[in-house]
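# After the sequence you'll find the predicted model.
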Amino acid sequence: YKLFYSCSWDKAGCCGAGRACLALSRDGVAFWKPKISSKVAGLPNMLDLPLTPDQFTVVLDRNATDARWKLLARDRGGEPAVLCTSAAGFVWKCDWRSGPITDRASFFYNPYSEAWAFSLRHNACVDGGAHPGKGARVSRYAESASFQKASWAKFQNWRFSCEERSSHNQPAWNLAADAHGCGGGECDLYQLDATLYESVLVGQAALLYGSDTNRTGFLGHCKDSRVSVSYSRDGFHWSHADAPRRPFFDWQLKYQQPVAGNFLLSPDGSELYVYQSGARGCKLCNRGKERVAGTVTGVCAPSAGPPVTFEETSMEEITTLSTLRRDGFCSLYAPDDAAEADAITRPLVLRGASLLVNAKCAEGGYVRAALLGATEAAAVAGFGRDESVPVTGDALAGEVRWRGGANLDAVGGRAVRLAFYLRRCDLYSFWLQ
C-alpha cells in the first residue's frame with residue numbers, strides 16, 4: 001500500500017503551499033515513512049518535485065508497464081497544472097504541463113472512453129439546483145488519450161457572479177450539487193474523484209456545506225465539507241442515491257476530502273479499505289471569523305481585540321480508514337417479514353462453470369438460484385429453484401449448486417436469465433468462474 005499525502009504546509013497566510021510525502025504499508029493500516037530525500041530536515045519521505053503544490057492527486061495506471069504512477073499538481077497559486085510520472089512512486093519526472101486549473105482539481109482513468117479524465121473545479125453561474133440564479137462551485141470535464149499531452153482551453157472563473165456565460169471550447173460542465181445533495185440545504189461541489197470498481201466508476205464528491213449568503217461553511221481554515229458517493233457508466237454523467245441522502249462517512253471531521261484510488265482490497269480480500277482526509281481540533285477560524293490573507297498574524301481577524309496568531313488557528317489534519325464489506329455498496333434484501341423475495345436478471349450469455357454469490361443471511365435465511373429461458377418463464381431443465389441447494393450464513397464467495405450436479409457449461413453460449421430467491425438475506429453480488 002502507498003499513501004501520498006500533503007506535508008510540511010507553508011504557513012504564509014491563509015493560502016500557502018505544501019510538499020508531497022509518501023508512506024508505505026504492508027497491511028494498509030500501519031504505515032511507515034521511507035527515506036526518499038534529505039532536502040528538508042525531518043521529512044525523509046518527501047517527494048523531490050520541482051514545485052510546491054497547494055494540492056495534488058496521484059493515480060496508479062494499471063495499464064502502464066513503466067510510468068505506472070501519474071501525478072497532477074497545482075503549483076503555488078499557478079497555472080497550468082504540472083503533470084508528473086513515476087515508475088514506482090519514489091522518483092518523479094515532471095516535464096509536462098496541461099491546461100489551466102484552480103484548486104481541488106483531480107483526475108482519473110475513464111475506461112469507457114479509454115482516456116484520462118480531468119475533473120476541474122470551476123466557479124460558475126448556475127440556473128437551478130442548490131443555487132438557482134447564483135454562482136457556485138461545479139465540475140468541468142476534460143479528457144485526453146495521453147496523460148502527458150492533456151490540455152484544454154482556459155475557462156473564466158467568475159467568483160460567484162452570474163454576469164457571464166461559458167465560451168466556446170471550454171471543458172464541459174458535467175456536475176454540480178443538486179437540491180438533495182446536502183440534506184436540502186445549500187452546498188457546492190468542492191472536489192470529484194472517481195475509481196473503477198468492477199464494471200462501474202464510483203465517484204467521491206466533496207460537498208462544501210453553506211453558501212455565499214450563508215457563509216458558515218466557507219469561513220476559516222476548517223471548511224465544512226463532507227464526502228458523498230455516486231456512480232457512473234461513462235465517467236461524465238453521475239447517478240446519486242435517492243433522497244434523503246447522507247454523507248458516506250460518519251467521521252465527525254471538518255474539511256473532509258476524498259482520496260483518489262480508494263476502495264482497495266484488504267490483505268485477505270474480505271473488505272474494502274476506504275480512506276479519507278479531514279481535520280479536527282479546529283480553532284477560531286472555524287467559528288465565523290473572517291480570514292485576512294498575507295500575514296502570519298491576523299490570519300483570522302476578530303471583531304475586537306488583538307490579532308489572532310497562526311497557532312491559535314491551528315487544526316490537526318488526519319487520514320482515516322473505514323472498512324466496507326467487499327461489494328458492500330448496496331444489496332438486494334429480502335425483509336424479515338417476507339416469506340421469499342425474487343429478482344430476475346435481463347438475458348445474459350453465461351461464461352463459466354460455477355455461479356458464486358456474495359451474500360449475508362440471517363438465521364433461517366438463504367439464497368437459491370434458477371436459470372430461466374431468455375423469454376420463457378419456465379426454468380431450464382436441471383437448474384430450477386427447487387433443485388438449487390441453499391446458500392446460507394455469511395458467504396463472501398458462496399457457490400450455488402444444483403442437485404444432480406448440473407454444470408453451467410451445459411448452457412454456455414446460450415442466452416438465459418438468472419433468478420435469485422432470497423429469504424432474510426442480503427445479496428451483494430454474483431459472478432461466474
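That came through fine.

# and L175, how many residues sit next to it?
Using other Cβ atoms under 10 Å, L175 is surrounded by 20 other residues. The C-beta positions use only the backbone N, C-alpha and C, and glycine is treated the same way.

# Just the pLDDT at it, thanks.
On the pLDDT scale, L175 is placed at 87.

# By mean pLDDT, point me to the weakest helix or strand of the protein.
Using mean pLDDT, DSSP states H and E, the weakest-scoring helix or strand in the chain turns out to be strand 290-291, at a mean of 44.

# The helix or strand hosting V227 - contacts with which helices or strands?
For V227, the enclosing helix or strand under DSSP states H and E is strand 225-232. Packing partners of strand 225-232 (3 or more Cβ pairs under 8 Å, 6 or more residues apart in numbering; DSSP states H and E): strand 187-197, strand 200-209, strand 239-240, strand 254-258.

# partners of that strand in the sheet?
If you go by DSSP bridges, strand 225-232 pairs up with strand 200-209 (antiparallel), strand 239-240 (antiparallel).

# want to try a markdown table for those, with distance to L265, mean neighbour count and mean pLDDT as columns?
Listed next are the strands paired with strand 225-232 as a markdown table, based on distance: least, Cβ to Cβ, whole Å; neighbours: other Cβ atoms under 10 Å; pLDDT from 0 to 100:
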| stretch | distance to L265 | mean neighbour count | mean pLDDT |
| --- | --- | --- | --- |
| strand 200-209 | 14 | 23 | 92 |
| strand 239-240 | 24 | 14 | 89 |
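
# For P258, which of the ones you listed is the nearest?
Among these, strand 200-209 comes nearest to P258, with 3.4 Å by Cβ to Cβ.

# show me the residues around S144 that make contact.
Counting by Cβ atoms under 8 Å, 6 or more residues apart in numbering, S144 touches A115, W116, F118, A150, S151.

# could you redo the last one with a cut-off of 10 Å?
Shown in contact with S144 (Cβ atoms under 10 Å, 6 or more residues apart in numbering): S98, G99, F107, A115, W116, A117, F118, A150, S151, W152.

# Can you flag the buried ones in these?
S98, G99, F107, A115, W116, A117, F118, A150, S151, W152 (16 or more other Cβ atoms under 10 Å).

# what's the closest of those residues to T323?
Nearest to T323 among the buried ones among the contacts of S144, counting by Cβ to Cβ, is F107 at 26.2 Å.

# Distance of the closest residue to the closest one other than its chain neighbours relative to A205?
Closest residue to F107 apart from its sequence neighbours, by Cβ to Cβ, 6 or more residues apart in numbering: F118 at 4.7 Å. From F118 over to A205 the distance is 15 Å, taken as Cβ to Cβ, to the nearest Å.

# Same question for A410.
Per Cβ to Cβ, A410 is found 45 Å from A205.

# got it, and N262?
Going from N262 to A205 by Cβ to Cβ gives 12 Å.

# any shared contact partners between the two?
In contact with both N262 and A205: D193, A194, V227, V229, using Cβ under 10 Å, 6+ apart.

# State whether the last one and L272 are indeed in contact, as I suppose.
Put plainly, it is V229. No. Proximity of V229 to L272 does not meet the contact threshold set by Cβ atoms under 10 Å, at 11.9 Å.

# Pull up the overlap in contacts between these two.
N262, F263, F329.

# Now the first one. Its backbone dihedrals?
In this entry, N262 is assigned phi and psi values of phi -70, psi 180 (degrees, to the nearest 10).

# Report how many residues lie close to it.
So N262, with other Cβ under 10 Å, has 20 neighbours.

# residues contacting it?
Contact analysis of N262 by Cβ under 10 Å, 6+ apart lists 193-195, 197, 202, 204, 227, 229, 272-276, 322.

# What subset of the residues you listed is buried?
By neighbour count, with 16+ other Cβ under 10 Å, the contacts of N262 hold D193, A194, T195, V202, Q204, V227, V229, L272, Y273, V274, Y275, Q276 as buried.

# ok, those residues vs L432, which is closest?
L272 (21.6 Å).

# that's a helix at the closest one, yeah?
No. Assigned with DSSP: H, G, I helix; E, B strand; the rest coil, L272 falls outside any helix and is strand.

# Spatially, what comes nearest to it if we skip its sequence neighbours?
Nearest non-adjacent residue to L272, counting by Cβ to Cβ, 6+ apart: L324, 4.4 Å away.

# The strand or helix carrying the one you found pairs with which strands?
Using DSSP H and E, the element containing L324 is strand 316-325. Applying DSSP bridges, strand 316-325 is found paired with strand 271-280 (antiparallel).

# Tell me which residues touch E143, please.
E143 neighbours (Cβ under 10 Å, 6+ apart): 107, 109-110, 113-118, 150, 152, 171-172, 235-236.

# Same check on G235?
If a contact means Cβ under 10 Å, 6+ apart, then G235 has 108-113, 115, 117, 119, 141, 143, 174, 194, 196, 201, 203 as its contacts.

# any idea how far it is from E198?
15 Å.

# what's the answer for V367, then?
19 Å.

# which of those two has more neighbours?
Neighbours were counted for V367 and for E198 using other Cβ under 10 Å; V367 has more, 26 against 10.

# Could you count how many residues lie near the closest residue to H240 other than its chain neighbours?
Leaving aside its sequence neighbours, H240 sits nearest to S230 (Cβ to Cβ, 6+ apart; 4.8 Å). By other Cβ under 10 Å, 20 other residues sit near S230.

# Cool, thanks, talk later.
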